[in-house]
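1. Just to be clear, the model below is a prediction. Sequence and coordinates:
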Amino acid sequence: MLHHLNFSLKKSKKVLSTSFGAAGFLFVVAYVIATATFAPATASAVATSSVVVTLNVTAGIAISSPTNTTMSTALGVSQSTAIGTTTWTVNTNDSAGYTLGINATTSPAMQSGAATIADYQTGAPNTWSVTSGTAAFGYSVFGTDSPTGTWGTGTQCAGAADTNSTTLKYKGFTTSPFVVAQRAATTTPTGISTTVCYAVQQNNFYVPSGTYTATIVATATAL
């Protein structure tokens, strides 16, 4: 009976040993997984720093210096109209943009000693029309920054030979600058051009002979 008991215990130990071996394996696997999943990461020491880089850009503006202009032809007993052209180019990096104003240094603008040619009407630009028995000198403009609603849709100064454009609108010069072009942004590096068209006409009237000149000033202003 004692022998039988020893056998039974040995058999039980074997079973227990076998069972414990499988459970132990599962326990080891579970422990490895748990360790790999939940073990805390090693903390790293981190320090950061930042700087602000500042660049100042100075606003500036420039305007071209075109050559003097001679009207297309002389007035006389058989010639009653003449035209002229000046183009100014403005460059600015001002983020608010610029204005371009023009004015004459005298009133009337066109003079020859004591003799003068009357300025064309100085109100809002309108289609060119000179009253019979008078003469007038005026101007119009066209360009990217000149509104066509104000100055008309023409893109050249001349109509027929030595006559003003019929698709532009004109006004007379004043001695204070009148804004003819503007924009609310920088220009391109090559600048923005504005063309001023001069017009003179005598209508059933003779302008006294002589050499007449008008000094026109263009002022570009950064905003």
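-> Done, it's in. Numbers count the residues shown, from 1 in each chain.
2. can you give me the helices in this protein?
-> 2-38, 148-151 (DSSP state H).
3. which stretch in those helices has the least confidence?
-> Lowest mean pLDDT of the helices of the chain: helix 2-38, a mean of 43.
4. so how far does stretch 116-131 reach from one end to the other?
-> 17 Å (Cα to Cα, to the nearest Å).
5. Equivalent analysis for stretch 50-70, please.
-> 63 Å.
6. how far does it sit from the chain's center?
-> 13 Å (Cα atoms, centre = their mean, to the nearest Å).
7. what sits against the nearest residue to residue 96 once chain neighbours are set aside?
-> Once flanking residues are discounted, residue 96 sits nearest to residue 223: 3.9 Å by Cβ to Cβ, 6 or more residues apart in numbering. (Each C-beta comes from the backbone N, C-alpha and C, glycine too.) Each residue near residue 223 by Cβ atoms under 8 Å, 6 or more residues apart in numbering is listed here: 94, 96, 97, 98, 99, 184.
8. Return the distance of residue 223 relative to residue 58.
-> Residue 223 is 15 Å from residue 58, where distance means Cβ to Cβ, to the nearest Å.
9. Same question for residue 167.
-> Taking Cβ to Cβ, one finds residue 167 at 40 Å from residue 58.
10. Please, where are all the strands along the chain?
-> Under the criterion DSSP state E, the chain contains strands at 61-63, 81-92, 98-104, 110-112, 115-117, 126-127, 134-143, 169-170, 178-183, 192-203, 216-222.
11. now those in CSV, with mean neighbour count, mean pLDDT and distance to residue 70?
-> Shown next, in CSV, are the strands of the chain (neighbours: other Cβ atoms under 10 Å; pLDDT from 0 to 100; distance: least, Cβ to Cβ, whole Å):
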stretch, mean neighbour count, mean pLDDT, distance to residue 70
strand 61-63, 16, 98, 21
strand 81-92, 20, 98, 7
strand 98-104, 21, 98, 17
strand 110-112, 19, 98, 13
strand 115-117, 18, 98, 15
strand 126-127, 14, 98, 26
strand 134-143, 24, 98, 14
strand 169-170, 22, 98, 20
strand 178-183, 20, 98, 22
strand 192-203, 22, 98, 10
strand 216-222, 17, 98, 13
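12. That concludes my questions; thank you for your assistance.
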